[in-house]
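Peer 1: A structural model of the following input is requested.
(3 chains)
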Amino acid sequence: MSSSSTETTQVVDVTMPQMGVSVAEGTVVAWRVEPGDRIEADQTICEITTDKIDTEVPAPVSGVVSEIIVPVDTTVAVGEVLARIATGDGAGATNGAGQAEAPAPEPEPAPQATATTAPPKRTADHDGAADGRRYSPVVQRIAAEHGIDLAQVPGTGRRGRVRKQDVMAFIESGSAGEAAGEEPPLHIESPYRPEPAAPSAPAAAPGRLSRVRRQIGEHMKRSLDTAATCTTWIEADMSRIEAARKQLGLTALPFVARATIAALREHPSLNATLEGENYAQHQDVNLGIAVSLGETGLIVPVVHGAHELSVEGLSSRIKDLARRARAGQLTPDEVRGGTFTITNPGQFGSIMATPIINQPQVAILDLEAVIKRPVVVTDADGNDSIAIRPMTILGLSWDHRALDGALSAQFLAAVKRHIEGWTGA
Amino acid sequence: MATETAQATAQRNGAVGHLQVEDRIWLLRAMLMMRRIEERAMSLYRQGKVPGSFYDGFGQEAVSAGAAFAMAPEDRLCILHRDLAAHIVRGVTPTRIFAQYMGRATGITGGRDGNVHFGDYRVGCVGMVSMLPDMMLVATGMAMAFKLRGERRVALTWFGDGSTSRGDFHEAMNWAGVQRLPVIFVLENNQFAYSTPLDKQFAVDPVERAAGYGFVGVTVDGNDAEAMFEATYEARQRALAGEGPTMIEAVTMRMHGHAAHDDMKYVPKEMVEEWRKRDPIERQEARLRKAGVDVEQIDAEVREEIDAAAKEALSSPMPDPSTATDGVFCEGEPEPLLDGQAPWSGFQSEAALEDDS
Amino acid sequence: MAPLTYLQAISAGLRDEMREDERVLLMGEDIGVFGGAFKVTDGFVAEFGLERVMDTPLAESGIIGTAIGAAVVGMRPVCEMQFSDFISCGFDQLVNVAGKMHYRQGLAVPLVVRLPSGGGFSGGPFHSQNPEGWFMHAPGIKVVAPSTAEDAKGLLHAAIHDPNPVCYMEHKHLYRRVKGEVSEGVFETPLTARVARSGSDLVVIAYGAMVHTALEATEDLEGASIEVLDLRCLKPLDEDAILDSVGRCSKVVVVDEANFTCAAGAQVAALIAERAFEDLDGPVVRVATPDVPIPFSPPLEQAVLPSVERVREACRELLEY
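Peer 2: Numbering: from 1, shown residues only, chains lettered A, B, ... in the order given. From the prediction side, this is the model:
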């Protein structure tokens, strides 16, 4: 079922249903409606027959029949559009089915199930040389790496075949250099040679990106392709949180998480997901926390029901998730269902970033290093002075499709307010 | 069985057998939930929102509602595909059931398995497989562990008339009988295995075989939720007393085809008409009306809940294709089966009694 | 450390687990009072009682099915198939119920099935099979196959501790023929391959009894340096170890005692073709039992099982290539 929308109306397709696993097509027997008819959701729109059953097709939504596409006695494949129903302002309310539906997603090409493997690393000259001899893959590879003309290598294998040990012996004997046909240097040429290019001694093992890296890459690229990403920053004075966290022996992250949750409860439009045209605000805060797995990559476990947790509770849940993330012990549920994400690379000293939104969420908060800086502070009487304060820069990347700059700034201001006004709650 | 006098007293209090009036309402509600969910799911199926095939238990609601209602939180269940009410009794929400049908990430199996092939281990249930009655052996094994560890718990599983032809039926019945295990086998005799009628399935009514394996077999009207409850209650008491398994044959009728594509041409129309008069939900409604309960109100509440659940499920996400190869193996500590919901008022009073002592 | 036979090592492993963990439960036909067809559980009833060393009805589907039930409610059942061939009667429970359980519903099935496998003693078509390939092909089931006494014990511990269904292939031919030092107490052998002998000219990849055949066949091959890689775990396969050996040796002989088509070695050969093409200095050579039931009469049986001579000949041919 796909739908397209104009400003006031939406058109919903009625498709040939799959009546049984093996059914591939069906025939329209009779139409119960005509174009222009008003129809309620679940009301029968037409009758169909398949090789397994005769049945009625109920309307997926309420609205007005805008078009009948497949005439009676015509056979079409499962999934083909039979008719269209206009809904929306001009057409009457739906029962929710058409509107609330998540985008029945185009099945994306599954990121490689197990059966695929990396292609050969280089194209080999399979049939060997013009001398008519055939060489095994390993012999060709070694020859290419050492610039050896295999025609020069004596073979000791069956029918004079060049074996691996033959080409290795050829290299060890030192004949390789000559055989490769290098010209002797002229006297004006220095013996200096640039470092050999990578192939003979690659700095890092060449190879395909790991599965995890590829997945991260795909997710990140998809996010940037999908969202209208903007980033807004705000500076916050962490004095109170620094004091509180030292007292409890915790990191700043759970405090900022707590402040963020409080701000999300005030601005639920950021505690939301946007899939296609379906925007949903969430009551519960399921807080994603980006966890670095070192060189392997990154994972975002989710603290479900984070709004129900105290700072200590958040701290222990985050620690536990991070530990198990690094041990590869997270369950699928623990990396799903996030409504907002915090990323915290600031532990390494960086001060600003433009994080990428974790789809289908609409915003992500970046917590960077807390650094002591001179700042202007104003006392109760309005007198300004310069003080040394632990400051941090909070970056919020947000999706301009779902919200606007003013709202994200208000949200950041709320986070700042909860951080600076920390009361130990 | 209660004496006639006791029954009369109980009826004045809105109670029948071991059921209080609120229990009898619960049974109606569970059956209504099952029927309304399945009706809605069939509609969603025809609208192309439910992939694969779809199976329902129209007309058989009492079998699962009544039997599950007799099971305690710590008991364990293997539920069959026409027993949706058992999931409801144990505490699975309609939203997750719709999401399950539609292959959504929020369904009980997260899209790994379809339609009614599920069991939520968080409420003490192990999901069925299509090879029936494989779960009879699994239930037997759970009961074996309970007995070995000296725990006061019971396992229960449902299976159909067709299943009685398979070897696993024999292996489970025999094993449970030999070891006198606390297990209850509910044979859901709904007259047809796909299109195959009973007389092509067995020469002797399977309930009579129970005696051959050394335990009790009883036949119950499978369209009477309260009768199902009482029979299961007694079977559970027997199991807890160390008296071994019970086979309950619930006689009922599959009122729809085997699955959505099946128009049941092979079933005589008169047979369906005859069984329609014995609808388990109408029967329970009639009883409760007599007891002064507003059954229309209950149905309206159920419909409202189902509407909201279907809507919520429709807006829930599809599974992420990149997770398709995850979770084949368990890594780390296994999740334990957890206790389920057990709404029967008798369990509350049992708990109260235990607290007092 | 004490020298134990392969069989004694399995017994010792089971005994240690039964002592350490009361969730461990042994189930099988004739394993209790009688002590098992191969006497692996001899004397266990006296120490652990009839309930934990359970003589079951003669019902393989029943054994696997009830063990699944016990496993999901917290037990750690170890089932014995009297002969690995009989697992065909419990195939459905193992493959459809146990193997798919965690993927479908997040419920783990910590279950070990001991499968006395292999031929060479006139067991005939129903007491000589090597069915490991069936279970490598089925998702959700691990398969291990020890070749030494030490690994027999260590892999058994690893299998019992694993939260998944594990087929433990114990080769009957090794029961009393293989003896070695075995660590005491509970220890786990990792589910990875082991270099049984290192070399550089050619690698023979094998598991179970064929590791010994490979070692004997290549002990003295005109001075060639032959590596023998003992897979130990067939599902999941230790791909890194295989690719490492192939990378160093460039010539490979893969040996299975199982029937040729779709055997474990077929998967190993496919892996090498896909991932080590450029390391190869010759075709991947397979030695396996042809696709016939294992015959009873000694000359027929010896004609089909991979012998020391066949493996030696295959290596010699490939070395000359």
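Peer 1: in chain A, which residue sits closest to chain C?
Peer 2: Of all residues in chain A, the one sitting closest to chain C is residue A:164 (4.0 Å; CB to the nearest CB). For the C-beta atoms, the positions are set from N, CA and C on the backbone; glycine is no exception.
Peer 1: not counting its neighbours along the chain, what's nearest that residue?
Peer 2: Spatial nearest neighbour of residue A:164, excluding adjacent residues (CB to CB, 6 or more residues apart in numbering or on different chains): residue C:281 at 4.0 Å.
Peer 1: interface residues of the stretch 51-200 of chain C facing chain B?
Peer 2: Contact residues, the stretch 51-200 of chain C versus chain B (CB under 8 Å from any CB of the partner chain): C:51-52, C:56-57, C:59, C:61-62, C:64-75, C:92-93, C:96-97, C:100-108, C:110, C:139-140, C:142, C:163-164.
Peer 1: which ones among those also lie next to chain A?
Peer 2: residue C:106.
Peer 1: now which of the residues of the stretch 51-200 of chain C next to chain B would you call buried?
Peer 2: When those are checked for burial by 16 or more other CB atoms under 10 Å in any protein chain shown, the buried set is C:52, C:56-57, C:59, C:61-62, C:64-73, C:75, C:92-93, C:96-97, C:100-108, C:110, C:140, C:142, C:163-164.
Peer 1: of the residues of the stretch 51-200 of chain C next to chain B, which belong to strands?
Peer 2: Of those, the ones assigned to strands by DSSP state E are residue C:142.
Peer 1: packing partners of the helix or strand that contains residue B:237?
Peer 2: Residue B:237 is part of helix B:225-240, with elements assigned from DSSP states H and E. Using 3 or more CB pairs under 8 Å, 6 or more residues apart in numbering or on different chains; DSSP states H and E, the elements in contact with helix B:225-240 are helix B:21-46, helix B:61-69, strand B:183-189, strand B:216-221, strand B:246-251, helix B:280-290.
Peer 1: looking at the ones you listed, which is closest to chain C?
Peer 2: With CB to the nearest CB, the closest approach to chain C among these belongs to strand B:183-189: 9.2 Å.
Peer 1: now do the closest one against helix B:61-69, angle only.
Peer 2: On the basis of axes from the mean of the first three to the mean of the last three CA atoms, to 10 degrees, strand B:183-189 is oriented at 170 degrees to helix B:61-69.
Peer 1: near chain C, anything from strand B:183-189?
Peer 2: No. Using CB under 8 Å from any CB, strand B:183-189 never reaches chain C; the gap is at least 9.2 Å.
Peer 1: residue A:405: what's it in contact with?
Peer 2: A:230, A:232 (CB atoms under 8 Å, 6 or more residues apart in numbering or on different chains).
Peer 1: should've said residue A:271
Peer 2: By CB under 8 Å, 6+ apart, the residues touching residue A:271 are A:264-265, A:281-282, A:285, A:339-340.
Peer 1: now do residue C:291, the pLDDT please.
Peer 2: Model confidence at residue C:291, expressed as pLDDT, equals 97.
Peer 1: how much space separates it from residue C:4?
Peer 2: Plainly put, residue C:291 is 36 Å away from residue C:4 if you go by CB to CB, to the nearest Å.
Peer 1: ok, now residue B:146?
Peer 2: As defined by CB to CB, residue B:146 lies at a distance of 36 Å from residue C:4.
Peer 1: and if you look at residue A:255?
Peer 2: Taking CB to CB as the measure, residue A:255 falls 58 Å from residue C:4.
Peer 1: between those two, who's got more neighbours?
Peer 2: residue A:255 (25 against 22; other CB atoms under 10 Å in any protein chain shown).
Peer 1: look up phi and psi at that one.
Peer 2: Torsion angles at residue A:255 (phi, psi; degrees, to the nearest 10) stand at phi -70, psi -50.
Peer 1: assign the closest residue to residue B:91 other than its chain neighbours to helix, strand or coil.
Peer 2: Sequence neighbours aside, residue B:341 is the residue nearest to residue B:91 in space, at 3.4 Å (criterion: CB to CB, 6+ apart). At residue B:341 the chain is in coil, as set by DSSP: H, G, I helix; E, B strand; the rest coil.
Peer 1: tell me how far stretch A:311-322 lies from the chain's centre.
Peer 2: 24 Å (CA atoms, centre = their mean, to the nearest Å).
Peer 1: hmm, it touching chain B?
Peer 2: No. Judged by CB under 8 Å from any CB, stretch A:311-322 and chain B are separated, with a smallest distance of 12.4 Å.
Peer 1: quick check: next helix or strand after the helix or strand of chain A with the lowest mean pLDDT?
Peer 2: Using mean pLDDT, DSSP states H and E, the weakest-scoring helix or strand in chain A turns out to be helix A:97-100, at a mean of 41. Later in the chain than helix A:97-100, the nearest helix or strand by DSSP H and E is helix A:137-146.
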